[in-house]
Structures are given as structure tokens and as C-alpha cells.
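Enquirer: pasted the sequence and its predicted model underneath.
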Amino acid sequence: MTTTRRGGIAGPVSGDGAPSHPPTRPSTGNPLPADPRLARELLDGLAEAVLTTDETGRVTLVNAMAAELFPEITAGTELSRCPVPALARAVADDAGCFDVEHRGRRLRGARRLLAGARYAWYVRDVTEEHARTDALLAERSRTAFLAEAGSRLGRSLHRDQTLRATATLAVPYLADAAVVLHRPPAPADPRARWIRYADSDPSPVTGLAGEELTGTVPGLTEALTGELTEPGPWRDAGLADLATVLPPGFGRPGTVLVSPILSAGGPAGALLLIRRAGRAGFDPRDVELAREFGTRAGAALATAELYGEQAHLARVLQASLLPPELPTVPGVSLAGGYRAAGDSLRIGGDFYEVFPHPRGALFALGDVCGRGVGAAVLTGRVRQSLQTLRLVEQRPLELIRLLNRALFDAPDAARRSQFTTLLLGSLDRGPAGVDIRIAGGGHPAPLLVTAGGTVTPVQVGGMPVGALAAARFTEARVHLDPGDLLLAYTDGVTGARGGPREVEMFGEGRLRAALASASGLPPAALVDRLLQLVDEWLNGQVHDDIAMLAVCASTPA
């Protein structure tokens, strides 16, 4: 009699259930254990499923793991017609392996030839292995997305650019369409602005969000008004609620995730991630990733808004502190030149001013301590003080003393050690030229250039203005005949480092030579020539603030 037993060995059996003949020796020549029960225990203890077939292709052995993975297959089953299509196809096609998703498990099998045209199929459950691999790949993908998002958002220093980057980055990785809603800190329109980007949009689209959007999308109002609710998916979203922000032809949304955009000062807006009906919904990892992305977008948005505020303040400061357009003074030709240190702001610590009066004009050229914005603020204070003090005093020496007291008495002036070097002069027209009185406050001596090309320094001296309460100042006088020119300059000109070795200073010698060769030029042309020479000497290197003011006695018509 022949019987079959699930999970056992098919063949003739004796009354006690043992095979009536010894087990077949495998092809390796090593005998199986003499005890069939021990052989059974060894096979059932394997982590792999084992199926063996005879020379006709019928199953002769099913171990315990095979019975668990393939309950449809029992001893005696013709394997090429078994209810597992991938395995049956592999047997029918004489293939050596198969890979199948079966009963919720991922299985991978390989065939081995045994003696007597028999085969053994070894099947391994690789479900957990695939899950770990998929999880690792998904985590790498998330990490790469966040790295790319952080890099692009970090390069966005303007609010609108940051909002556009947020919308475009989310598609298609997080959603098929992304809508960023943002309400500026002090908007002229109380409605939130939205920026949408979808996989069908050539570029981001903008608009204003009405109550039909903010009042119907769950969680959106809370995200915009500051209630830090947990982000969660909103299923079965109605098309009418999102119609104003969805692109034409998008169809009914499948799943919508509303996540706040968080910044250091609180919620900065909201992010709507919309997936089409045919795409899988948001799992917990997607929600977590959207929250992290929203936080990074919020931080970038806060940085961009702070940068925008600083840029606006810088523009206002720059507009107020740039050298003024020089006035027309009868009998005198004037020209100014200016280069601020650095590239970010066109303001610095060097300045010049000309204040006309009935007899001629007052002029000032100075170099405040420091550079950049701090120096620019002190420059503004010095210029404002001069604007006020000149109304009560126009004699250079007395005016510089008043300015010294005004700067020294400013709050915390001593602690900040803020002072300036300064040349302060008066121009008085005469029948035969211009008479100049110059008060010095520790500034480089101006240079007198005669019509014949002679260059002579006008020694003024004095101490820096605003450094000491009892500072001493001196005054010099000079007369300009028609065609003569007086150049006042800051030490950014002579101290400019460059040349062949890129470390040598331009120096007063080169400045005098340049002035001698350019004598006779109009003041504006002479100043342009000097700035060109200094720029060529610097050859793009960093330099200090540079300012110069040229005063020339006009030739009578």
C-alpha cells in the first residue's frame, strides 16, 4: 500500500509508519542518517523550505517550512501544475530559479539536480530582507531629498525665491501638486498669498487665497493663524474646495496633507501637498518628512525675510550716506570721487561735503574710524553735525572745534572710541582766484597742483576730531590762481596695496606723479583719471574706503 503524508516522505511504509526500504543515497555519496525520524527532524529544522521531486516531477518530500509557505503543495503533487504559478512556470520552463510574492511573503527559490533525474527546490523567505532593503533605500531617498532641499533653500535669500523653491522642491517627491500659503508680517492685503507648482506646470503660479480655501480645508486656518496642530492627511478632498489653486485638468484630489511652515518666530505659512487619486496616500513617514521639510522651509523663509529687512535698511542708509551731488559755486570748479571698501554696500567711512554760501563755499573731506556699516553710521553723524553747526559758524578752525565737542560729548563716544580725521575749508572768491582757509584734524595734507604741473603739499596738521576733549587743531591758507587745483584725499588712495607684487602701496609719490602728468585737466577728468589708476593698481584686491575732492579756480571767461 502507498500513502502520502503532508510534510512527509511518500513511499511504501510498514505498520509502524517507517519506510519499507532504506533511504536513497544522495548524489554526493554520503548516506542519510539511518534513523528516518532523525532525517525528518533535520529537514524540518531547516530555515529554508525544501521540496523534492521524483523523476516524473511529482513531489516526494515537503519539509515543515515548505508546508508553511506552500500549504497548497503536498507530497504527490505534480509540481509543474501546482497552484503556485511562479513555481509551476519555473518547473515547466526548466528554469533554475524563481522569485514570487505569495501569500503576502516574498519568496525566492533555486533548483538543484539530485541523483536519478530527481530535483530538490530550496525556497527562502526574503520578505524581511526586502523590507530592510526597501527601508534603507527609502531612508536614503529621504535623506537625499532633505539634503537637496536644505541646499536650495539655503541659497534663497529673497522671500519670493524661497517660497517658489519650497513649492517646486515638493514636486514630485512628496506630491503631485504643492501649494505654499504665506501671509507677510505686515500685509497690505489680509488674504494669504499662495504659490502653486504641479507636475503639469511649466513654472510656479501665484494668487491670493480667499475664504473658500482657508475656511474649508481642514487644518489650514490653524496653520496660518499659529495653532501648532499635528499635520495629518485629509482624505476624500472635495475638488470644489481646492479648485482655485489646482491646475486645470488636475482632477479630483486623492489625498491632501496640510503641514505648517514653522520658523523661529512661529508659523510662517502652510504647505498643502496634494496627491492624485491614483497615488498612494501619506504614510506616517511621509507626514514626518513633510513636517521636517516645512520646518526647513520656515527657517529659510525667516532668513530670507531678515535678509530683506537688512537689505532695505542698507538701501535707506546708502541713499542717505552716498556722497552728494556737488553744488555749483561761481568761480570754482568742483569734482568728487568715491570708492567704498567691500562689495556688499556702497557706503563706508570716507566722505566729502560742499556747502555753498554767498562768498563761496565750505567744504569737508574726512575719514572716520572703522569701516562698513559702523563707519557709515559715524559718517552720518559727522555730516549731520556739520550741516547744523555751519549755520552758526563758518570759520573753519572754529567750526572744527565745535564739531570735536559735539562728537566727543555724544553718548558712549569714549567707550566706542569713535573719531574722524578731517579737512575743513572755506572757499572765498576773489578777483584774481580763490582764497582757501583749511583747518586740519589729523588728516593727510592736501596737494596743490599749479597750472604748470608743480605739486606741493599744504601742511595742515592737527589732531583727530572727536578723540580728545582738548584736541588741538591748526589752520593753513592757500591761494588758487586760475587753473590751479587743490586735491583733498583720504589715505585709502595712498594706502591702496597692489602692483606687481600685490602688496606694495600706491603711495604719495605715485599720486604726485599722476597729478603732475594730469595738470591742466578739468577737475572731473583728473579725479576720474586718479580713480582709474588706483583701480588698475589694486587689480580687484580688497581696499579701504577711498574719497577725494578736487577744487579748481576757474579761468575767467
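Expert: Thanks, I have it. Numbers count the residues shown, from 1 in each chain.

Enquirer: CA only for contacts and neighbour counts going forward, please
Expert: OK.

Enquirer: residue ranges with poor pLDDT in the stretch 401-550 of the chain?
Expert: Applying pLDDT under 70 to the stretch 401-550 of the chain flags residues 412-417.

Enquirer: strands along that one, start to end?
Expert: With DSSP state E, counting those that start in this stretch, the ranges of strands along the stretch 401-550 of the chain come out as 420-430, 433-441, 447-449, 455-457, 474-480, 485-489, 497-498, 504-505, 546-553.

Enquirer: which among the ones you listed is found nearest to residue 269?
Expert: For the strands of the stretch 401-550 of the chain, proximity to residue 269 was assessed by CA to CA; strand 546-553 is nearest, at 45.1 Å.

Enquirer: off-centre distance for the closest one?
Expert: On the basis of CA atoms, centre = their mean, to the nearest Å, strand 546-553 sits 43 Å off its chain's mean C-alpha point.

Enquirer: could you give the angle of it to strand 485-489?
Expert: 160 degrees (axes from the mean of the first three to the mean of the last three CA atoms, to 10 degrees).

Enquirer: just checking, what packs against the longest helix anywhere in the chain?
Expert: Counting residues, the longest helix found in the chain (DSSP state H) is helix 284-321. Here helix 284-321 touches helix 127-154, helix 159-169, strand 253-263, strand 266-276, helix 372-389, going by 3 or more CA pairs under 8 Å, 6 or more residues apart in numbering; DSSP states H and E.

Enquirer: ok, now with 7 Å
Expert: helix 127-154, helix 159-169, strand 253-263 (3 or more CA pairs under 7 Å, 6 or more residues apart in numbering; DSSP states H and E).

Enquirer: most packed of the ones you listed?
Expert: Counting by mean count of other CA atoms under 10 Å, strand 253-263 has the highest mean neighbour count of the helices and strands packed on helix 284-321, with a mean of 25.

Enquirer: list the strands paired with that one, with their directions.
Expert: Neighbouring strands of strand 253-263 in its sheet, by DSSP bridges, are strand 232-235 (antiparallel), strand 266-276 (antiparallel).

Enquirer: as a markdown table, these with mean pLDDT and distance to residue 218 would be great.
Expert: As requested, those are exported to a markdown table (pLDDT from 0 to 100; distance: least, CA to CA, whole Å):
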| stretch | mean pLDDT | distance to residue 218 |
| --- | --- | --- |
| strand 232-235 | 59 | 7 |
| strand 266-276 | 84 | 11 |
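
Enquirer: give me the distance between residue 494 and residue 253.
Expert: Between residue 494 and residue 253 the computed distance is 69 Å (CA to CA, to the nearest Å).

Enquirer: residue 164 is in contact with residue 297, correct?
Expert: No - counting by CA atoms under 7 Å, residue 297 does not reach residue 164; the two are 10.5 Å apart.

Enquirer: ok so, going back, for residue 102, which of the strands paired with strand 253-263 is the nearest?
Expert: Closest to residue 102 of the strands paired with strand 253-263 is strand 266-276 (CA to CA; 29.1 Å).

Enquirer: residues contacting that closest one, please?
Expert: 174-183, 220, 223-224, 226, 253-262, 298 (CA atoms under 7 Å, 6 or more residues apart in numbering).

Enquirer: how about a cut-off of 8 Å?
Expert: Contacts to strand 266-276, defined as CA atoms under 8 Å, 6 or more residues apart in numbering, come from residues 170, 174-183, 220, 223-226, 228, 250-262, 281, 294, 298, 301-302.

Enquirer: list only those of these flagged as buried.
Expert: 170, 174-183, 220, 223-224, 228, 250, 252-262, 281, 294, 298, 301-302 (16 or more other CA atoms under 10 Å).

Enquirer: for stretch 542-555, measure first residue to last.
Expert: End-to-end distance of stretch 542-555 (CA to CA): 39 Å.

Enquirer: so who does the nearest residue to residue 419 once chain neighbours are set aside touch?
Expert: Spatially, and ignoring its direct neighbours in sequence, residue 419 is nearest to residue 466 (4.6 Å; CA to CA, 6 or more residues apart in numbering). With contacts defined as CA under 8 Å, 6+ apart, residue 466 is in contact with 403-408, 418-420.

Enquirer: which of those residues count as buried?
Expert: 403-408, 418-420.

Enquirer: could these go into a markdown table alongside distance to residue 112?
Expert: Listed next are the buried ones among the contacts of residue 466 as a markdown table, based on distance: CA to CA, whole Å:
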| residue | distance to residue 112 |
| --- | --- |
| 403 | 102 |
| 404 | 101 |
| 405 | 102 |
| 406 | 100 |
| 407 | 97 |
| 408 | 98 |
| 418 | 90 |
| 419 | 93 |
| 420 | 93 |
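
Enquirer: so can I have a markdown table of the helices and strands packed on helix 284-321 showing mean pLDDT and distance to residue 246?
Expert: Output for the helices and strands packed on helix 284-321, formatted as a markdown table (pLDDT from 0 to 100; distance: least, CA to CA, whole Å):
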| stretch | mean pLDDT | distance to residue 246 |
| --- | --- | --- |
| helix 127-154 | 86 | 23 |
| helix 159-169 | 90 | 13 |
| strand 253-263 | 83 | 9 |
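
Enquirer: out of those, nearest to residue 448?
Expert: Closest among these, once you apply CA to CA, is helix 159-169, at 52.0 Å.

Enquirer: helices and strands around that closest one, which ones?
Expert: helix 127-154, strand 177-182, strand 193-198, helix 284-321.

Enquirer: tell me the angle that helix makes with strand 177-182.
Expert: 160 degrees.

Enquirer: angle of helix 159-169 against helix 284-321?
Expert: Calculated by the same axes, to 10 degrees, helix 159-169 forms an angle of 160 degrees with helix 284-321.

Enquirer: ok, the closest residue to residue 494 other than its chain neighbours to residue 498 distance?
Expert: Closest residue in space to residue 494, ignoring its immediate chain neighbours: residue 507 at 4.2 Å, by CA to CA, 6+ apart. Taking CA to CA as the measure, residue 507 and residue 498 are separated by 11 Å.

Enquirer: with neighbour numbers in mind, choose between the two.
Expert: More crowded of residue 507 and residue 498, by other CA atoms under 10 Å: residue 498, with 21 against 15.

Enquirer: ok, the more buried one - contacts?
Expert: Residue 498 neighbours (CA under 8 Å, 6+ apart): 504-506, 537-539, 541.

Enquirer: switch to 7 Å and redo it
Expert: Residue 498 neighbours (CA under 7 Å, 6+ apart): 504-505, 537-539.

Enquirer: which among these gets closest to residue 55?
Expert: residue 539 (89.2 Å).
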